[in-house]
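Student: quick one: sequence and predicted model below, then my questions.
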Amino acid sequence: MKIIISNQSELPIYAQIKEQLKEQILNGQIPEGSTLPSIRQLAKEVGVSVITTTRAYSDLEAEGFIATMQGRGSVVLSKDNNLLKEQYLLRIEEGLTTAIETARVMGLPEEELREIFHNLLEASADTARG
Amino acid sequence: MELLEVRNLSKVYKTFLLDNISFTLPEGYIMGYVGQNGAGKSTTLNLITNICKSSSGEIYVDGITCEEDESRYKESIGYIGDEFYFPDNFRIRDIRSVLRNFYKTFRTEKFDELTKRWKLDGKLAVKDFSRGMKVKLMFASVLARDTKLLVLDEATNGLDPVVRVEVLKLLQEYIADGERSVIFSTHILSDLEQIADYIYFIHEGKTVLYDAKDELLESHLLVKGERRAIYPELQRALIGIMDNAYGFEAILPSDRADLLTNEFHFEKPTIDQIVIHYIKEREG
């Protein structure tokens, strides 16, 4: 887990913490089922106020990334839960939309875009199979 | 639970009035008490530590007033001020034995551990300590006791940045179990700003702002631009407009951001900037 607070950022500190944790949960650097440091622990380590870390965690909870359980702390939820699934789908759509827009800008025919997509899909499946 | 509760606190002096201060500080949080020199910060903190008596109002620490149980009230508070309060010729061992006799909860092992960790020289009279060493010694004497509330009155004044960072860590460790709280006064926030949960801002004995720090920061914008671009409605909304030869700077409540045209530049303020412009607004 990695958190960097920037005073130059336009984002408030709680949002910086939240976005960085979200990023690391989505890309798997913080695996599901793992326990995040407590709100107070994190505040102490990062050197920010307890209210700030509380807000970051409660936002992550509201968006379905973590659940806070008495005695167990804040646990990263499974990727199967609906809220989190939505976040993933949103990301996929964003990525594909960028690809489609780029293709449109260069005037690439739809057929060729589909082909690129299929080829990449297969290549990635091959790598996954090893 | 509220660890510190101040209700309608006033203190009348011949030339100064601390006017109706009220706030609460829950267990496990840090409050920054800010204002200019002479704003009434020390007066408030001295009332909390019961160094002086209020003209009216009540103060509860961990649920009790000083009148209800003076010894329990005083045992639960640790105070560190701007001035060093141990006698000049004392050495660490003298301070240790005085404190052991004075406070029921004073733990000599803890005191020894801290003075050793901070390499405080037992052979020197404390008058020969540096400012940083004196502050550390005061922290050791307070942290060796079982207190619930730390009251720091300009305690980090004159400390170098390295020691200031150590003090911040100490304060965060102190509240880490969620059962103890800290109130500190300062006329410059800078690094202390980051760890404060709540801000209470007084000016000439009166409350100006009191809120969670994150709320204060988010509800204000720092605006810059050319003076001639300010139109009447914006003029009324801006707080503490300060001019220089080439432009102005002011604070604007975030909910009035719609008043800003693209002629203006705006950014996140610091607590110090909010304080400066509010004082400017009051003093004209």
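Tutor: Arrived safely.
Student: tell me how far stretch B:160-180 lies from the chain's centre.
Tutor: 13 Å (Cα atoms, centre = their mean, to the nearest Å).
Student: what parts of the stretch 51-200 of chain B come near chain A?
Tutor: Residues of the stretch 51-200 of chain B lying close to chain A (Cβ under 8 Å from any Cβ of the partner chain) are B:168-169, B:172-173, B:175-178, B:194-198. In short, each C-beta sits where N, CA and C put it, glycine included.
Student: the helices in chain A, which residues?
Tutor: For chain A, the helices defined by DSSP state H occupy A:13-26, A:39-46, A:50-62, A:82-106, A:110-129.
Student: now distance to chain B too, for those, in JSON lines please.
Tutor: JSON lines is the format used below for the helices of chain A (distance: least, Cβ to the nearest Cβ, whole Å):
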{"stretch": "helix A:13-26", "distance to chain B": "6"}
{"stretch": "helix A:39-46", "distance to chain B": "4"}
{"stretch": "helix A:50-62", "distance to chain B": "4"}
{"stretch": "helix A:82-106", "distance to chain B": "24"}
{"stretch": "helix A:110-129", "distance to chain B": "38"}
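Student: so which of those helices is nearest B:G132?
Tutor: Checking the helices of chain A against B:G132 by Cβ to Cβ gives helix A:39-46 as the closest, at 21.8 Å.
Student: on that earlier part again, switch the helices of chain A over to JSON lines; also include mean neighbour count.
Tutor: JSON lines is the format used below for the helices of chain A (neighbours: other Cβ atoms under 10 Å in any protein chain shown):
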{"stretch": "helix A:13-26", "mean neighbour count": "19"}
{"stretch": "helix A:39-46", "mean neighbour count": "20"}
{"stretch": "helix A:50-62", "mean neighbour count": "20"}
{"stretch": "helix A:82-106", "mean neighbour count": "11"}
{"stretch": "helix A:110-129", "mean neighbour count": "10"}
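Student: apart from its chain neighbours, what residue comes closest to B:G240?
Tutor: Leaving out its chain neighbours, the residue that sits closest to B:G240 by Cβ to Cβ, 6 or more residues apart in numbering or on different chains is B:H277, at 3.1 Å.
Student: the one you found should be in a helix, yeah?
Tutor: Yes - B:H277: assigned to a helix according to DSSP: H, G, I helix; E, B strand; the rest coil.
Student: what count of nearby residues applies to it?
Tutor: As a burial measure, B:H277 scores 23 neighbours (other Cβ atoms under 10 Å in any protein chain shown).
Student: now do it, the pLDDT please.
Tutor: On pLDDT, B:H277 comes in at 97.
Student: I'd say it and B:M242 touch.
Tutor: Yes - using Cβ atoms under 8 Å, B:H277 is in contact with B:M242, at 6.9 Å.
Student: please enumerate the shared neighbours of the two.
Tutor: B:E249, B:A250 (Cβ atoms under 8 Å, 6 or more residues apart in numbering or on different chains).
Student: columns mean pLDDT and distance to B:K110 on top of the helices of chain A, output as JSON lines?
Tutor: Shown next, in JSON lines, are those (pLDDT from 0 to 100; distance: least, Cβ to Cβ, whole Å):
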{"stretch": "helix A:13-26", "mean pLDDT": "93", "distance to B:K110": "33"}
{"stretch": "helix A:39-46", "mean pLDDT": "94", "distance to B:K110": "19"}
{"stretch": "helix A:50-62", "mean pLDDT": "95", "distance to B:K110": "24"}
{"stretch": "helix A:82-106", "mean pLDDT": "87", "distance to B:K110": "45"}
{"stretch": "helix A:110-129", "mean pLDDT": "89", "distance to B:K110": "56"}
